[in-house]
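Participant: Model the following, please.
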Amino acid sequence: MMPLAMPAQAYMSPEATSLYQQACTYEYKQDFKSAAAALEKAIVLSGNEPQLYTKLAGAYTELGEYDKALAAYAKVTELRPTDAFIYVSMGSIYEHTGDYKSALDSYNKAMILFPEYKFNYLNIANAQYQLKDYKAATESYNKFLETYSQHKEARESLAASYLLTGDAQKAVTEYDKLYSADPNNFNDLDKYGYALFCTKDYARSSDILAKYIEKRPDDLNSRSILALAYQEQDKNDLAYAQYQEMFKQKPDLHAVRLDYANLLADMGKNAEAIQQYDLYIKNFPDNAIAYKNLGIVYKRLNNIDKAIENYELAIAKHCRDFDLKEDLAQCYHLKKDYTNAIKYYDEILLVQKDNYDVKLNKALALHAMQKYPAAIAIYDELLQTKPDNKEVQKNLIMALIAQGQICYDSQDYTTAATYLEQAVERGSEEGFGYYLLAKTYRRCSMPDKASEMYEKAIALEPANAKFSNEYAEFIAAKFNSEQLPAEDAQTAASGSELPAVSITDGADTERVSELDSERHKDLIELGDENLKNKKYDECIVNYKEALQIRPSDEQTLFKLGYVYKLKNDNANAINFYKKAIFVNPDYRDGWFNLGLIYADENNLSGAIDAFNRVVMLDKNYGYAYYALALAYENEKDYINAIQNYKLFLEHSDDDITKKAVKEKLKTLEK
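Facilitator: Below is the predicted model:
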């Protein structure tokens, strides 16, 4: 609209005054063309009157002749340079025509001239918003709202600006005020719901977005956010319904297929998930996450080849996810493709030089490839970090004995003795190491030491007739002063296989004889009985002897972790729980107990990761949600704590604990 008419100045010529008054009449009648013509004539007569130009600019603005209007306002600024409102009017025209930079310049000039005009902050903020300078816009909106706190549109724009700067929590604060003040006339349900989603308040987000979708069922973007909010709450059926509606409205909506595939995978609909991943990849072939997630599904289905194929594609798409590389290495490990497994272990170690588990896996792979010296070097390094790790110690001893065997077979007896001496010095519990060292000492013409090693071998394995018979032959030869019989290296080694590495190298391929099966069963039963009677040390011996028969028995590994936990030996407990989940990555109880140990050691990040893995494997594992909630609460992440306490209430039948959780929620939600 044109500015309000102002009285003509006294020094305006009579003819100009008459024309000015005619223009005011035309303006009243909305005849802006005639008003402009009259004002142009008046300016010819009195060309230095700013009021004439101001009125003329208003007429041209109403006529949509913005260039002429701006030219008239520019003349006013020459005649009356301190008039802030002229710059406001010019800014309004610039803003209307989409020239937001010029609009902002004009509004800023007005602010310099008249800083007391606080309403101008809204003009400045709107221009900054249009220029996508959202950070500056938030500052200007806040300054405006200091004076005009009830201005609804400004607060809506402030909330939107916060959202666009990534400060979702502040956006939620503003939307909360707007929504609570007038929920029936609230205009930004979609933005409010999205802001809540960004703050991980998934329950409220889904409530708000569901209301919005009722009004705008065709807004597929908001519907996709609603589906994700349901997924985050494990309300998979509700999420599934949203995706079905989206595809019903737009069958070629491929952008959401990745999230949909993730949902199907979480629901155990693996075949459908694979189909959706494939469709998504067909349309978005460069998304590394899609290949990674597809690989995870294939691994879950034990299709290791397809898992590897997709993991490799994810890495080729520049995925720098080291968890993915570790998973890929383990897949190669499971296939006994140790060369590729080591390749990825090495890539991880270039960046994560102190990753204990990856170093251990690399050592196991080298051990399986019979590259014993390299494995020995890593085992030694690991023991410097954790000297009490009995399993690494045992693997090191096995590697030393194995390399000693190789040197013995190649008739390098001096080197063989060096490796075997290290093995027995580290406390080998295998009679074979002492037996082989005895044979080596015999070759080195050291009969007294040979005799000592034979005796230790027999003491460890008194039922091994081979040890006893050969020792008897050695004693007889010694006392008869006879030359030791020459032995063929290969014959000496026959019938004396090296004990297997004590941690599985992947696939469970042990061939256990019927006799060993019975022995294994007896040892487990004996261990269980000792556990029941709290004879923990005896129990540990039983379970470890059972592992010598079946090294890949995840339940026995788990039981050992549990016994060490009862003994408050967290280091060994963690060690055995990790072995259990290495053997079976889907062993939910192994993950859960590992999380408990981490929580006990205040390793909240490790605990959260472990408990999240549990609920990924079993959505109904109630106590995992409870443990997650406690961990998040200890990290002061109350949003996630509340969410997981609520999930515990949904998935638990423990009425006593549920009662306590409900009381806790009352405190946390205040």
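Participant: State the distance from residue 75 to residue 248.
Facilitator: Relative to residue 248, residue 75 is positioned 61 Å away (Cβ to Cβ, to the nearest Å). For glycine as for every other residue, the C-beta is placed from the backbone atoms N, C-alpha and C.
Participant: Could you spell out which stretches of this structure belong to which domain?
Facilitator: Here the domain parsing of the chain from automatic domain parsing is 370-480, 522-668.
Participant: of residue 75 and residue 248, who's got more company?
Facilitator: Set side by side, residue 75 and residue 248 show more neighbours around residue 75, with 20 against 9, by other Cβ atoms under 10 Å.
Participant: quick one on the thing from earlier: redo the domains of the chain as TSV? Include distance to residue 144, mean neighbour count and mean pLDDT.
Facilitator: Shown next, in TSV, are the domains of the chain (distance: least, Cβ to Cβ, whole Å; neighbours: other Cβ atoms under 10 Å; pLDDT from 0 to 100):
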stretch	distance to residue 144	mean neighbour count	mean pLDDT
domain 370-480	59	18	87
domain 522-668	30	19	90
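Participant: Throw the ones you listed into JSON lines and include distance to residue 202, thanks.
Facilitator: Shown next, in JSON lines, are the domains of the chain (distance: least, Cβ to Cβ, whole Å):
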{"stretch": "domain 370-480", "distance to residue 202": "40"}
{"stretch": "domain 522-668", "distance to residue 202": "7"}
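Participant: Of those domains, which is nearest residue 229?
Facilitator: Closest of the domains of the chain to residue 229 is domain 522-668, at 11.2 Å (criterion: Cβ to Cβ).
Participant: The closest residue to residue 651 other than its chain neighbours and residue 141: what is the separation?
Facilitator: Excluding the flanking residues, the one nearest residue 651 by Cβ to Cβ, 6 or more residues apart in numbering is residue 622, at 3.9 Å. Separation of residue 622 from residue 141 (Cβ to Cβ): 45 Å.
Participant: and what of residue 665?
Facilitator: 35 Å.
Participant: Could you do residue 246 as well?
Facilitator: Counting by Cβ to Cβ, the gap from residue 246 to residue 141 is 34 Å.
Participant: Neighbour count: the two, which is higher?
Facilitator: For residue 246 and residue 141, the more surrounded residue by other Cβ under 10 Å is residue 141, and the numbers stand at 29 against 21.
Participant: quick one: the more buried one and residue 122 touch, right?
Facilitator: Yes. Residue 141 lies in contact with residue 122 (Cβ atoms under 8 Å); the separation is 7.5 Å.
Participant: which residues do those two both contact?
Facilitator: Counting by Cβ atoms under 8 Å, 6 or more residues apart in numbering, the common neighbours of residue 141 and residue 122 are residue 154.
Participant: For the stretch 1-150 of the chain, just list every one of the helices.
Facilitator: Taking DSSP state H, counting those that start in this stretch to define them, one finds helices in the stretch 1-150 of the chain at 14-28, 32-45, 50-63, 66-79, 84-96, 100-113, 120-130, 134-147.
Participant: Kindly report the same for the stretch 501-650 of the chain.
Facilitator: Taking DSSP H, counting those that start in this stretch as the criterion, the stretch 501-650 of the chain carries its helices at 514-532, 536-549, 554-566, 570-583, 588-600, 604-617, 622-634, 638-651.
Participant: returning to what we had before: which stretch among the domains of the chain comes nearest residue 302?
Facilitator: Among those, domain 522-668 comes nearest to residue 302, with 10.0 Å by Cβ to Cβ.
Participant: Report the distance from that closest one to the chain centre.
Facilitator: Between the centre of domain 522-668 and the centre of its chain there are 21 Å (Cα atoms, centre = their mean, to the nearest Å).
Participant: ok, now stretch 420-432?
Facilitator: The chain centre lies 44 Å from the centre of stretch 420-432; the measure is Cα atoms, centre = their mean.
Participant: backbone phi and psi for residue 569, please?
Facilitator: The phi/psi pair for residue 569 (degrees, to the nearest 10) reads phi -100, psi 80.
Participant: Distance of it relative to residue 562?
Facilitator: For residue 569, the distance to residue 562 - Cβ to Cβ - is 11 Å.
Participant: Once you drop chain neighbours, what's closest to residue 253?
Facilitator: Nearest to residue 253 is residue 246, by Cβ to Cβ, 6+ apart, at 5.6 Å.
Participant: what's downstream of whatever helix or strand that neighbour lives in, the next helix or strand?
Facilitator: Here residue 246, judged by DSSP states H and E, is contained in helix 236-249. Next helix or strand after helix 236-249 toward the C-terminus (DSSP H and E): helix 257-266.
Participant: Restricting to C-alpha, output whatever helix or strand comes next after that next one in PDB.
Facilitator: Counting by DSSP H and E, the next helix or strand C-terminal to helix 257-266 is helix 270-283. What follows is helix 270-283 as a C-alpha-only set of coordinates in PDB (Å, rounded to 0.1, in the frame of the first residue of the first chain):
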ATOM      1  CA  ASN A 270      15.600 -61.500   4.900                       C
ATOM      2  CA  ALA A 271      14.400 -62.500   1.400                       C
ATOM      3  CA  GLU A 272      12.300 -59.400   1.100                       C
ATOM      4  CA  ALA A 273      15.100 -57.200   2.500                       C
ATOM      5  CA  ILE A 274      17.500 -58.500  -0.100                       C
ATOM      6  CA  GLN A 275      15.000 -57.700  -2.800                       C
ATOM      7  CA  GLN A 276      14.600 -54.100  -1.600                       C
ATOM      8  CA  TYR A 277      18.300 -53.600  -1.200                       C
ATOM      9  CA  ASP A 278      18.800 -54.800  -4.700                       C
ATOM     10  CA  LEU A 279      16.100 -52.400  -6.000                       C
ATOM     11  CA  TYR A 280      17.700 -49.500  -4.100                       C
ATOM     12  CA  ILE A 281      21.200 -50.300  -5.300                       C
ATOM     13  CA  LYS A 282      19.900 -50.400  -8.900                       C
ATOM     14  CA  ASN A 283      18.700 -46.800  -8.600                       C
END
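Participant: Flag every buried residue along stretch 37-53.
Facilitator: 37-43, 45-46, 49-53 (16 or more other Cβ atoms under 10 Å).
Participant: Format the residues you listed as TSV; extra columns: distance to residue 152 and pLDDT.
Facilitator: Below are the buried residues of stretch 37-53 laid out as TSV (distance: Cβ to Cβ, whole Å; pLDDT from 0 to 100):
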residue	distance to residue 152	pLDDT
37	41	96
38	40	95
39	38	95
40	41	95
41	45	95
42	42	95
43	42	94
45	47	91
46	44	91
49	40	93
50	36	94
51	36	93
52	38	95
53	36	96
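Participant: Pick out the most distant pair among the residues you listed.
Facilitator: Using Cβ to Cβ, the two most remote members of the buried residues of stretch 37-53 are 37 and 50, lying 19.4 Å apart.
Participant: packing partners for the helix holding residue 246?
Facilitator: helix 220-232, helix 257-266 (3 or more Cβ pairs under 8 Å, 6 or more residues apart in numbering; DSSP states H and E).
Participant: With mean pLDDT added, can I get those in JSON lines?
Facilitator: Formatted as JSON lines, the helices and strands packed on helix 236-249 follow (pLDDT from 0 to 100):
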{"stretch": "helix 220-232", "mean pLDDT": "96"}
{"stretch": "helix 257-266", "mean pLDDT": "96"}
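Participant: will you turn those helices into CSV that also has mean neighbour count?
Facilitator: Shown next, in CSV, are the helices and strands packed on helix 236-249 (neighbours: other Cβ atoms under 10 Å):
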stretch, mean neighbour count
helix 220-232, 22
helix 257-266, 22
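Participant: Out of the domains of the chain, flag the one nearest residue 67.
Facilitator: Across the domains of the chain, residue 67 has its closest neighbour in domain 522-668 (53.4 Å, Cβ to Cβ).
Participant: Ends of the closest one, what's the gap?
Facilitator: Start to finish, the residues bounding domain 522-668 are 51 Å apart (Cα to Cα, to the nearest Å).
Participant: let's number from 135 now, not from 1
Facilitator: Done: numbering now begins at 135, and the last item shifts to domain 656-802.
Participant: buried residues in the helix holding residue 380?
Facilitator: So helix 370-383, judged by 16+ other Cβ under 10 Å, has buried residues 370, 372-374, 376-377, 380-381.
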